[in-house]
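Asks: Here is my input, please return the structure:
(one chain, ligands or ions: 1)
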Amino acid sequence: MTPIQAPKGTFDILPPDAERRSILESHARRILGAAGYQRIETPAFEATELFARGVGEATDIVQKEMYTFDDGGGRSLTLRPEGTAPVCRAYVEHGMHKLPQPVKFWYQSSFFRAEAPQRGRYRQFWQIGAEAIGAAGPAADAELIVLLAELLEAMLVKGLRLRIASLGNPETRARYREQLTAYLRAHEDALSLDVRGRIDLNPLRAFDATDPGTRAVMQDAPKLLDALTPEDAEHFAEVRGLLDVAGLRYEIDPTLVRGLDYYTRTVFEFTSDALGAQSGVGGGGRYDRLIEQLGGPPTPGSGWAAGVERILLAGASPPVAPDPVDLFVALVRRGSTSATAAGDGAATRAAFLLAHEARRAGLSAQLELADRSLKGQLKQADRLGARYVAIVNDETQASLKDMAGGEQADVPIPTVIPTILRGSRLV
Ligand code: AMP
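Replies: Just a heads-up that it's a prediction; the model follows:
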């Protein structure tokens, strides 16, 4: 029979990789926790309408990339493609606007997008995200940016670049959009088919295009940064000032467009030149209208999400040492029937209990489960780097071997754990 494989664009997280992810998670907990961000987790699927309303009908994510299904009862559900709309939904649903503001969250969750898979781009991927809801000022934006920079630095992400911009408010953007649409129409012949087809739907995405024709046109296109209101321009200037104070280097990129519609004012993105085509490591921005759009009270917000796989691809976390094993509990096979399989039930129970009690006493202990010969068991203990091996002979006695020194002594089973805890030599 043909073995079944994981679906295209998904991957297994095998033990060494899982360990690196735990390290990333502990850095996130430390860095974000110290700034008052608390862990939140939302469901893996939500009402489709949350993303249609929150992320925006015209975005690539909503138009092409969502895994949407009927729940069997006529409700349309979607595997979450991003984390901000769900966190805002939770904020509104649990009445968190009544708490002292801002409410600051972080998460590490998996997300789903039906994209063409390649290195650094998957259909199920993980993001670490942070959101500060209920803070309108530029300090929240700058703090979030600085915290992401710290996390990326802690993970030794190479070749980092930070780009920032401001998208102003939706009214400025609407006016600017008309101006840009007129400009694109006037240069239609030089644009790619894809961009031409979306002039009315999403003209801003023309800045993301990679074909030379569109890029040349976009060089001279009107820029949103030149059209900001004085208040929005001041907010942006203050964010920059705070990043300067923190000594964080950035570039202002007037063409920075993010693939989600909910942003207002500050947007930013970290890229790494260690990543190739999919160079975005993490990004985010301010979303002052989103909560209202989701049916909540007018509430400002700001946040980011960073791709876990891309952090690990571009980072250089040191190899993780396996956890030490204090005790390996081996069993002597008697005759043809092995102790672990069937025979010698009393010794098996004694061995099982010894491993269990060792763990309860705070030691790391592994029991032979593979029915190996004694030689094979000692080899396995050696592979694991076990400090001691207890070879259980019967229900009362074990031979305790100190793997470092090589000494071995027959001892009553109840003395095994105290001996290891004392770390005392056997003879
Ligand atoms: P976004 O939610 O699109 O702003 O993405 C934020 C970050 O998530 C990006 O900078 C990437 O690091 C990561 N990311 C987004 N989409 C994918 C994907 N399909 N596969 C892997 N990582 C992704």
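Asks: Is the longest helix anywhere in the chain in proximity to the ligand?
Replies: Counting by DSSP state H, the longest helix found in the chain is helix 15-33. No: Helix 15-33 lies out of reach of the ligand by Cβ under 6 Å from any ligand atom, never closer than 12.5 Å. Yep, even glycine has a C-beta here, placed from its N, CA and C like the rest.
Asks: Same question for the worst-scoring helix or strand of the chain on mean pLDDT: list its buried residues.
Replies: None of the helices or strands of the chain scores lower by mean pLDDT, DSSP states H and E than helix 60-64, at a mean of 88. For helix 60-64, a neighbour-count test (16 or more other Cβ atoms under 10 Å) marks 60-62 as buried.
Asks: go on, stretch 240-259?
Replies: For stretch 240-259, by 16+ other Cβ under 10 Å, it's 240, 242-243, 250, 253, 255-259.
Asks: Just the element for the residue in the stretch 1-150 of the chain that the ligand sits nearest to, please.
Replies: Sorted by distance to the ligand under Cβ to the nearest ligand atom, the residues of the stretch 1-150 of the chain start with residue 125, at 3.4 Å. Take DSSP states H and E as the rule and residue 125 turns out to sit in strand 124-133.
Asks: Adjacent strands (with direction) for that strand?
Replies: Partner strands and pairing direction for strand 124-133 (DSSP bridges) are strand 103-112 (antiparallel), strand 301-307 (antiparallel).
Asks: and the following helix or strand past it, what does it pack onto?
Replies: Following strand 124-133 in sequence order, the next helix or strand is helix 138-154 (DSSP H and E). Applying 3 or more Cβ pairs under 8 Å, 6 or more residues apart in numbering; DSSP states H and E, we find helix 138-154 packed against helix 15-33, strand 124-133, strand 160-166, helix 230-245, strand 264-272, strand 280-286, strand 301-307.
Asks: name the helices or strands packed onto the helix or strand that the first one is followed by?
Replies: The reference is to helix 15-33. Per DSSP H and E, helix 15-33 leads on to strand 38-39 as the next helix or strand towards the C-terminus. For strand 38-39, the packing partners by 3+ Cβ pairs under 8 Å, 6+ apart come out as strand 103-112.
Asks: The ligand contacts on this protein?
Replies: For the chain, the contact set with the ligand under Cβ under 6 Å from any ligand atom comprises 82, 113, 115, 120-122, 125, 127, 258-259, 280-283, 305-307, 309-310.
Asks: for the residue of the stretch 251-400 of the chain found nearest the ligand, what are its contacts?
Replies: The ligand sits closest to residue 307 of the stretch 251-400 of the chain, with a gap of 2.3 Å, by Cβ to the nearest ligand atom. Residues near residue 307 by Cβ atoms under 8 Å, 6 or more residues apart in numbering: 120, 125-127, 280-282.
Asks: which stretches of the stretch 251-400 of the chain form strands?
Replies: Taking DSSP state E, counting those that start in this stretch as the test, the strands found in the stretch 251-400 of the chain are 251-252, 264-272, 280-286, 301-307, 327-331, 365-367, 388-392, 397-402.
Asks: Looking at the ones you listed, which is nearest to residue 43?
Replies: Smallest distance to residue 43 across the strands of the stretch 251-400 of the chain (Cβ to Cβ): 17.0 Å, for strand 301-307.
Asks: Can you check what angle separates the closest one from helix 138-154?
Replies: 10 degrees (axes from the mean of the first three to the mean of the last three Cα atoms, to 10 degrees).
Asks: Do me a favour and average the pLDDT over strand 301-307.
Replies: For strand 301-307, the mean pLDDT works out to 98.
Asks: pretty sure residue 111 contacts residue 128?
Replies: No: counting by Cβ atoms under 8 Å, residue 111 does not reach residue 128; the two are 11.2 Å apart.
Asks: Between those two, which is the more surrounded one?
Replies: Set side by side, residue 111 and residue 128 show more neighbours around residue 128, with 26 against 20, by other Cβ atoms under 10 Å.
Asks: Do me a favour and get the end-to-end distance for stretch 112-125?
Replies: 7 Å (Cα to Cα, to the nearest Å).
Asks: quick one on the thing from earlier: for the least confident helix or strand of the chain, packing partners?
Replies: Taking 3+ Cβ pairs under 8 Å, 6+ apart as the contact cut, helix 60-64 packs with helix 48-54.
Asks: Mean confidence (pLDDT) on the helix it packs on, please.
Replies: The model assigns helix 48-54 a mean pLDDT of 93.
Asks: before we move on, the earlier item: most packed of the strands paired with strand 124-133?
Replies: Burial of the strands paired with strand 124-133 is given as mean neighbour count (mean count of other Cβ atoms under 10 Å); strand 301-307 ranks first at a mean of 26.
Asks: where does this structure have low pLDDT?
Replies: 258-260, 317-319, 333-343, 424-427 (pLDDT under 70).
Asks: what domains does the record give for it?
Replies: For the chain, the domain assignment from automatic domain parsing gives the residue ranges 15-168+228-314, 327-422.
Asks: what's the span of the last one from first residue to last?
Replies: Across domain 327-422, the straight-line distance between its terminal residues is 13 Å, by Cα to Cα.
Asks: ok so, going back, closest to residue 222 out of the strands of the stretch 251-400 of the chain?
Replies: With Cβ to Cβ as the criterion, residue 222 lies closest to strand 251-252 of these, at 16.2 Å.
Asks: Name the surrounding residues that touch that closest one.
Replies: Counting by Cβ under 8 Å, 6+ apart, strand 251-252 makes contact with 161-165, 225, 240, all of which sit outside it.
Asks: which one of these is nearest residue 74?
Replies: Among those, and counting by Cβ to Cβ, the member closest to residue 74 is residue 165, at 41.8 Å.
Asks: how close does the closest residue in space to the closest one that isn't next to it in sequence sit to residue 246?
Replies: Distances taken as Cβ to Cβ, 6 or more residues apart in numbering place residue 256 nearest to residue 165, at 4.1 Å, with adjacent residues excluded. From residue 256 across to residue 246, the span is 20 Å (Cβ to Cβ, to the nearest Å).
Asks: same deal with residue 301?
Replies: Residue 301 is 21 Å from residue 246, by Cβ to Cβ.
Asks: Which residue is the nearest non-sequential neighbour of residue 263?
Replies: Closest to residue 263 by Cβ to Cβ, 6+ apart is residue 285, at 4.3 Å.
Asks: Count the residues that sit near the one you found.
Replies: By other Cβ under 10 Å, 27 other residues sit near residue 285.
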